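K.L.:
this one's structure only:
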């Protein structure tokens, strides 16, 4: 006795019979359940004993797990365990914690700028202290000279020869300097106010008083130029020079 087709429930004869998914099908009835595309034994996909094409084959979805009392207890237990481990690590590393900072190019540039600013402040403080110390010495000398019965120091006692003879030195004639060629239009010139030693290959060294020409501003703290005395060119800190 011939079986029935699982699609149309008609008799399936051997010449048109397909045995698949534990069922019998007519060749023309073996189609996708969604798009009704004709299938064969090579391109079909079965799901719950029904044929599907590759495009409409049902995909497995994730299942949401409800918070049962057992899951809640396990969650709390794992949280307590993680807190215990954290406290143990904290007690072991107390007093030993430190931060590792990688020397990136940006951090190196900031560090170099801070060093330059501190160097400038050091020069300013040094000049102030030297000036104040000189004023104190002058005031002390004046006070000692003005006290009654205290002879003036040897440095302030004029000699007899200097009292009887007065010499006015004749100033030497000043030779006029050759007129420097005027700078080209738009060319910027700067004068160095501090000594600077190049820290990298792309920087340039200069001394106090050097003239920097062909200056191009890079950012707020750095510029690019050429030292007129040596002819070398490269990057230089902007706070070490002043515009002419």
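P.N.:
Cool, got the structure. Predicted model only: the values in this text are computed from it and were never measured.

K.L.:
all contacts plus neighbour counts: C-alpha atoms, from now on.
P.N.:
Fine.

K.L.:
ok, which stretches of the protein are helices?
P.N.:
Ranges of helices within the chain are 69-92, 105-146, 160-164, based on DSSP state H.

K.L.:
make TSV out of those helices and add mean neighbour count, distance to residue 16 and mean pLDDT.
P.N.:
As requested, the helices of the chain are arranged in TSV below (neighbours: other C-alpha atoms under 10 Å; distance: least, C-alpha to C-alpha, whole Å; pLDDT from 0 to 100):
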stretch	mean neighbour count	distance to residue 16	mean pLDDT
helix 69-92	11	55	81
helix 105-146	12	77	76
helix 160-164	8	142	48
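
K.L.:
list the contacts of the one residue sitting closest to the centre of the chain.
P.N.:
Taking C-alpha atoms, centre = their mean, the centroid of the chain lies closest to residue 106, which sits 4.0 Å from it. Counting by C-alpha atoms under 8 Å, 6 or more residues apart in numbering, residue 106 touches no other residue.

K.L.:
one more: residue 236?
P.N.:
203-205, 222-225.

K.L.:
closest one to residue 196 out of those residues, please.
P.N.:
Set against residue 196, the nearest of these by C-alpha to C-alpha is residue 205 (5.5 Å).

K.L.:
and the closest one, how many residues sit next to it?
P.N.:
Residues lying near residue 205 (other C-alpha atoms under 10 Å) number 17.

K.L.:
repeat that for residue 18.
P.N.:
Neighbours around residue 18, by other C-alpha under 10 Å: 20.

K.L.:
thinking again about what came up before, top of the contacts of residue 236 by neighbour count?
P.N.:
residue 225 (23 neighbours).

K.L.:
domains of the protein?
P.N.:
Per the record, the chain has its domains at 1-59, 106-143, 190-243, by automatic domain parsing.

K.L.:
between the ones you listed, which gets the lowest average pLDDT?
P.N.:
The minimum mean pLDDT among the domains of the chain belongs to domain 106-143 (a mean of 77).

K.L.:
circling back: would you convert the domains of the chain into JSON lines that also reports distance to residue 75?
P.N.:
Output for the domains of the chain, formatted as JSON lines (distance: least, C-alpha to C-alpha, whole Å):
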{"stretch": "domain 1-59", "distance to residue 75": "30"}
{"stretch": "domain 106-143", "distance to residue 75": "43"}
{"stretch": "domain 190-243", "distance to residue 75": "54"}
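
K.L.:
now do the strands in this protein.
P.N.:
17-20, 23-26, 45-47, 50-52, 190-192, 211-217, 222-227, 233-237, 241-243 (DSSP state E).

K.L.:
how much space separates residue 74 from residue 80?
P.N.:
Distance, residue 74 to residue 80, by C-alpha to C-alpha, to the nearest Å: 10 Å.

K.L.:
I should have written residue 122 there, sorry.
P.N.:
Taken as C-alpha to C-alpha, the span from residue 122 to residue 80 is 55 Å.

K.L.:
residue 107 too?
P.N.:
Distance from residue 107 to residue 80, by C-alpha to C-alpha: 40 Å.

K.L.:
now do the phi/psi pair for the closest residue to residue 34 other than its chain neighbours.
P.N.:
Ranked by C-alpha to C-alpha, 6 or more residues apart in numbering and with sequence neighbours excluded, the top spatial neighbour of residue 34 is residue 56, at 6.6 Å. Torsion angles at residue 56 (phi, psi; degrees, to the nearest 10) stand at phi -110, psi 20.
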